[in-house]
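Peer 1: pasting the structure only:
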Ligand SMILES: [Fe+2]
C-alpha cells in the first residue's frame, strides 16, 4: 500500500511521508504508536480528494502549545498568552477559509493525547460550531481562546485527580479546576472577560445542575454551552480517552442529552455539519456492495455519494437519489 497522506508523531515530526510504501514492519510500529487510521492510495479512491479543516502542522503546534501552557503553570511561570492568541487566530483563519459545509470528524481532533491534544480539539470544535452559528472573527477569538484554555486549572491539580473521568467526577478537588483556571487568568488583562468566563463555566449545564455556580441555562452564555458540548464530544470519542465511543454513539448521546446537559441549538448546529462518513471512508452498503465515500449531501450526513467498484468498473451511487440503499458498515 502507498501512503496518501504524511503521518506525523505527537510532536509534529514526520514519521512517514506521503507516497511511501507501507511495509509490514511500519504497520506494526504504527499500531504500537496507536496510529490506527491512515490514508492510502488505491484504484478505488482515485480522484477522491480528502480535504482537511485545518492542517496537520497547526494541530501539532496546538498540541505542543497546550503542553507548554500546562508546563508553564506547573512551573509557576507566565502563561504564553501571545502564542495562544497567534494559534487561535491561525485556527480561525483556517476554519473560516474552509468553505465546506460538512466537517470531517477525524479532522476535529489530534489523536493519541488525552490532555494536550484535547485542549486543541475543544478549541477547534468550538470555533467550528461558533462559525456555523454566525459569530464574527472577534467573537471567535474570545471563544477559541477560552476553549483552548478551558482546562488549565487542571495544571494545579495532582496528576491522579486531573486525569479522572470528567463525565462522572463530581469530587470537590476535581471540580475546583474551573475556578482555579479562572483565577489563573484573572490578572491577565489581555484575556477577554468572556474567555475567562468560559474557563469558569465550561461544566455548567442548561438544566442548572452544572458547576461551579449551577447557573441556569437561560443565563448561561452561549460560548460556555458551545465549549461544554465540544468538551464532552472530544472526551467521548478520543481514542485515548475514557469512553472511546464510536462517533455515531457520541452523536446519539449529544442528541439524547440536549436540553439537559447540552444546549439544543449548539448540538443541532454541530451535528448538521458533521460528516459522519467523510470522503475517503470505506463503507459497506445494504446491497452488499463495498465502496468509498466520494462526496457529501448537505443536511444528510448519513447519505453521502459512494463510489462503487464492481468488476473493475466504477460507478457513483448517490444515496440521496436511491433511498432504499443505506450504509450498514
Ligand atoms: Fe474541565
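Peer 2: Alright, I've got the coordinates. Note that this is a predicted model, so its numbers are computed, not measured.
Peer 1: which is the next helix or strand following the helix or strand residue 66 falls within?
Peer 2: With secondary structure defined by DSSP states H and E, residue 66 is part of helix 56-74. Using DSSP H and E, the next helix or strand after helix 56-74 towards the C-terminus is helix 81-97.
Peer 1: sorry, back to before: now do the helix holding residue 66 against helix 81-97, angle only.
Peer 2: Using axes from the mean of the first three to the mean of the last three CA atoms, to 10 degrees, the direction of helix 56-74 lies 150 degrees away from that of helix 81-97.
Peer 1: avg pLDDT for helix 56-74?
Peer 2: The average pLDDT within helix 56-74 is 89.
Peer 1: Which elements pack onto it?
Peer 2: On a contact count with 3 or more CB pairs under 8 Å, 6 or more residues apart in numbering; DSSP states H and E, helix 56-74 meets helix 81-97, helix 116-132. All C-beta atoms are positioned from the backbone trio N, CA, C, and that covers glycine.
Peer 1: just those: most buried one?
Peer 2: By mean neighbour count, with neighbours taken as mean count of other CB atoms under 10 Å, helix 116-132 ranks first of the helices and strands packed on helix 56-74 at a mean of 26.
Peer 1: related to what we said a few turns ago, could I get the helices and strands packed on helix 56-74 in a markdown table, plus columns for distance to residue 215?
Peer 2: Below are the helices and strands packed on helix 56-74 laid out as a markdown table (distance: least, CB to CB, whole Å):
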| stretch | distance to residue 215 |
| --- | --- |
| helix 81-97 | 24 |
| helix 116-132 | 18 |
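Peer 1: of those, which approaches residue 196 most closely?
Peer 2: Closest approach to residue 196 among the helices and strands packed on helix 56-74 (CB to CB): helix 81-97, 12.0 Å.
Peer 1: what helix or strand is residue 307 on?
Peer 2: Assigned by DSSP H and E, residue 307 belongs to strand 305-310.
Peer 1: which helices and strands does that strand pack with?
Peer 2: The contact analysis (3+ CB pairs under 8 Å, 6+ apart) places strand 305-310 against strand 290-295, strand 313-318.
Peer 1: Next, the buried residues of the last one.
Peer 2: Taking 16 or more other CB atoms under 10 Å as the neighbour-count basis, strand 313-318 is seen to contain the buried residues 314, 317.
Peer 1: Packing partners of that strand?
Peer 2: strand 290-295, strand 305-310.
Peer 1: nearest residue to residue 56 other than its sequence neighbours?
Peer 2: By the measure of CB to CB, 6 or more residues apart in numbering, the closest residue to residue 56 outside its immediate chain neighbours is residue 8, 5.6 Å from it.
Peer 1: show me the residues around the one you found that make contact.
Peer 2: Listed by CB atoms under 8 Å, 6 or more residues apart in numbering, the contact set of residue 8 reads 14, 15, 56, 60.
Peer 1: cool, and residue 326?
Peer 2: Residue 326 touches 285, 286, 302, 319, counting by CB under 8 Å, 6+ apart.
Peer 1: mind listing what the first one touches?
Peer 2: This points to residue 285. Contacts of residue 285 (CB under 8 Å, 6+ apart): 291, 306, 308, 317, 325, 326, 327, 328.
Peer 1: Who does it form a beta bridge with?
Peer 2: Judged by DSSP bridges, the bridge partners of residue 285 are residue 327.
Peer 1: if we can go back for a sec, I'd like the helices and strands packed on strand 313-318 as JSON lines, with mean pLDDT, distance to residue 135 and mean neighbour count appended.
Peer 2: Supplementary listing: those in JSON lines, determined by pLDDT from 0 to 100; distance: least, CB to CB, whole Å; neighbours: other CB atoms under 10 Å:
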{"stretch": "strand 290-295", "mean pLDDT": "89", "distance to residue 135": "28", "mean neighbour count": "20"}
{"stretch": "strand 305-310", "mean pLDDT": "87", "distance to residue 135": "31", "mean neighbour count": "18"}
